[in-house]
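A.B. asks: Okay, structure incoming, though there's no sequence with it:
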Ligand SMILES: NC(=O)c1ccc[n+]([C@@H]2O[C@H](COP(=O)([O-])OP(=O)(O)OC[C@H]3O[C@@H](n4cnc5c(N)ncnc54)[C@H](O)[C@@H]3O)[C@@H](O)[C@H]2O)c1
Ligand SMILES: O=C(O)CC[C@@H](O)C(=O)O
């Protein structure tokens with residue numbers, strides 16, 4: 001893909017999000033005044049100073065899981081070295097490799113555990129080129145001063161559209177009819193095949209995907225009810241219900257759109273299937289651990305559940321290929337595949353050209369901004385801090401990025417170190433145990449830079465330091 005195409009895609013993407021594409025522009029911001037200054041900053045964008053933390057050519061990015069080409073292009077435009085792999089990497093391979101990289105881009109299959117991150121001596125940031133971040137030990141990463149970014153909604157529409165297709169597919173037993181005809185069997189039946197008009201869809205988790213699904217489902221004449229742990233404004237004529245049981249009692253189709261958390265593990269298991277209407281359908285495109293699949297198999301064998309569409313599984317293969325989805329991966333696989341009216345897809349809810357392109361651009365831009373400018377807006381495990389860019393004519397100015405433990409007295413110590421220079425601006429925020437200070441200081445000579453670094457490095461609360469100039 002050419003640089004021009006990437007720029008066009010970036011512009012389209014920025015327009016869609018309704019925010020500017022300058023290095024200082026962000027979708028959300030820690031302060032309203034920051035957003036209010038957007039027009040001035042857009043004007044000033046032409047004269048912004050490009051910070052050089054190091055030779056950008058030394059910056060190494062490891063991209064796994066066939067992350068979209070747009071990301072590769074954007075990182076290469078920055079001058080970074082990019083190593084790209086189509087597949088996920090297992091723990092052993094990562095342990096040998098990760099210490100060489102400053103940033104890593106993954107999707108849902110690569111597990112960045114504490115054990116792996118402990119070896120990541122040079123890692124500044126992680127990009128999850130997807131919505132879910134459960135594959136990363138977020139707290140451990142924060143403790144190590146590693147910021148994690150994701151793409152919170154760029155594939156939401158794709159997932160919602162897949163679920164709409166699955167609702168009709170299950171109601172009309174399309175999967176089975178198609179398999180039969182592929183193998184030569186003509187089976188023209190109407191028994192237990194239904195219109196979806198007038199039926200009730202129960203959505204568990206009314207966030208980005210659940211609420212998008214709600215709108216699409218109502219357009220097809222479904223009644224929508226939803227259950228969420230927080231009170232959320234209903235779209236259209238959808239109604240929030242007070243308990244999960246109430247949703248299960250009333251819904252003909254139950255679709256899950258919650259994150260993987262300890263609370264959502266086996267959220268649908270034997271008691272929940274028992275609480276559902278006879279002949280109801282289950283759709284899971286959230287995470288594989290959210291549905292107890294052996295219990296689902298039993299509920300289907302007992303004719304309690306009339307069909308299921310699953311896109312996600314507790315264990316998923318790290319790469320494409322024949323024979324990878326089997327009982328070695330999940331012990332119940334052969335039992336599940338033998339059931340009628342079960343639609344199985346290989347975690348493709350967010351796998352559309354539109355979603356992957358948008359995610360590639362969004363996450364690679366977030367990582368580049370963090371690497372080049374220290375801007376952490378959008379980080380999921382980390383204080384969100386941003387400073388407006390330095391002007392081109394600001395000589396002898398250094399940007400200090402200081403990640404530290406969130407304990408009393410640190411800023412006093414740090415500002416004391418910086419006090420021999422002029423602090424042009426600074427911003428600090430905390431998130432749990434971690435705090436992050438950005439400061440632009442002027443009247444700094446080349447020889448001062450090393451000394452500032454060394455003094456900051458000796459502060460006991462320091463987690464990591466970067467100086468950009
Ligand atoms: N199949 C795919 O390819 C695919 C693609 C994108 C996302 N996902 C998965 O879908 C999940 C949901 O995505 P989203 O963008 O809608 O997330 P979101 O954060 O916008 O919404 C999740 C909703 O679930 C609610 N929730 C959390 N815990 C709950 C609980 N215990 N009970 C009830 N509600 C609860 C939250 O309050 C929130 O409203 C993601 O976390 C990801 O794991 C899968
Ligand atoms: O692309 C993927 O691997 C993950 C897609 C989806 O589960 C997400 O979390 O966005």
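C.D. replies: Here it is on my side, so go on. Since the structure is predicted, the reported quantities are computational estimates derived from the model, not experimental observations. Ligands and ions are numbered 1, 2, ... in the order given.
A.B. asks: contacts and neighbour counts: CA atoms only from here.
C.D. replies: Will do.
A.B. asks: For ligand 1, see how far away residue 119 is.
C.D. replies: Distance of residue 119 to ligand 1, given as CA to the nearest ligand atom, to the nearest Å: 26 Å.
A.B. asks: what's the helix or strand encompassing residue 157 in contact with?
C.D. replies: According to DSSP states H and E, residue 157 maps onto helix 156-171. With CA atoms under 8 Å, 6 or more residues apart in numbering as the test, helix 156-171 has contacts from 175, 192-196, 208-210, 212-213, 216-217, 253, 255, 281, 283, 285, 307-309, 341-343, 349-352, 355.
A.B. asks: pLDDT of the helix or strand just after that helix, averaged?
C.D. replies: Next in sequence after helix 156-171, counting helices and strands by DSSP H and E, comes helix 174-182. For helix 174-182, mean pLDDT is 98.
A.B. asks: same check, this time on stretch 194-214
C.D. replies: Average pLDDT, stretch 194-214: 98.
A.B. asks: what's the answer for stretch 108-128, then?
C.D. replies: Mean per-residue pLDDT for stretch 108-128: 97.
A.B. asks: is that stretch up against ligand 2 anywhere?
C.D. replies: Yes - Stretch 108-128 comes into contact with ligand 2 (CA under 6 Å from any ligand atom), by way of residue 108.
A.B. asks: For that stretch, measure first residue to last.
C.D. replies: Using CA to CA, to the nearest Å, one end of stretch 108-128 lies 8 Å from the other.
A.B. asks: quick one: buried residues of that stretch?
C.D. replies: 108-112, 114, 116-120, 122-128 (16 or more other CA atoms under 10 Å).
A.B. asks: swap in stretch 308-327?
C.D. replies: For stretch 308-327, the neighbour count (16+ other CA under 10 Å) marks 308-313, 316-318, 325 as buried.
A.B. asks: Need the distance between the two termini of that stretch.
C.D. replies: Stretch 308-327 has an end-to-end distance of 19 Å (criterion: CA to CA).
A.B. asks: Please apply the same query to stretch 427-446.
C.D. replies: The first and final residues of stretch 427-446 sit 24 Å from each other (CA to CA).
A.B. asks: Nearest residue to whichever residue of the stretch 251-400 of the chain sits closest to ligand 2 in space, please, no chain neighbours.
C.D. replies: Residue nearest to ligand 2 within the stretch 251-400 of the chain: residue 350 (5.1 Å; CA to the nearest ligand atom). Among residues not flanking residue 350 along the chain, residue 155 sits closest, at 4.9 Å (CA to CA, 6 or more residues apart in numbering).
A.B. asks: give me the number of residues near that neighbour?
C.D. replies: Using other CA atoms under 10 Å, residue 155 has 24 neighbouring residues.
A.B. asks: tell me the domain boundaries of this structure?
C.D. replies: Domain assignment for the chain by automatic domain parsing gives 6-154+352-373, 157-344, 398-468.
A.B. asks: Rebuild those domains as JSON lines, extending it with distance to residue 383.
C.D. replies: Putting the domains of the chain into JSON lines (distance: least, CA to CA, whole Å) gives the following:
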{"stretch": "domain 6-154+352-373", "distance to residue 383": "9"}
{"stretch": "domain 157-344", "distance to residue 383": "21"}
{"stretch": "domain 398-468", "distance to residue 383": "5"}
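A.B. asks: Among those domains, which one carries the weakest average confidence?
C.D. replies: Per-segment mean pLDDT for the domains of the chain reaches its minimum on domain 6-154+352-373, at a mean of 80.
A.B. asks: Which stretches in the stretch 251-400 of the chain count as strands?
C.D. replies: Secondary structure of the stretch 251-400 of the chain (DSSP state E, counting those that start in this stretch): strands at 253-256, 280-284, 305-310, 342-344, 398-405.
A.B. asks: Going by neighbour count, list what's buried in the next helix-or-strand element following the last one.
C.D. replies: Put plainly, it is strand 398-405. Next helix or strand after strand 398-405 toward the C-terminus (DSSP H and E): helix 410-418. Neighbour-count burial for helix 410-418 flags 410, 414, 417-418 (criterion: 16+ other CA under 10 Å).
A.B. asks: Then stretch 378-396?
C.D. replies: Using 16+ other CA under 10 Å as the test for burial, stretch 378-396 gives 378-390.
A.B. asks: Would you confirm that residue 425 belongs to a strand?
C.D. replies: Yes - counting by DSSP: H, G, I helix; E, B strand; the rest coil, residue 425 is part of a strand.
A.B. asks: Go ahead and confirm it touches residue 439.
C.D. replies: Yes - the criterion here is CA atoms under 8 Å, and residue 425 meets it with residue 439 at 5.7 Å.
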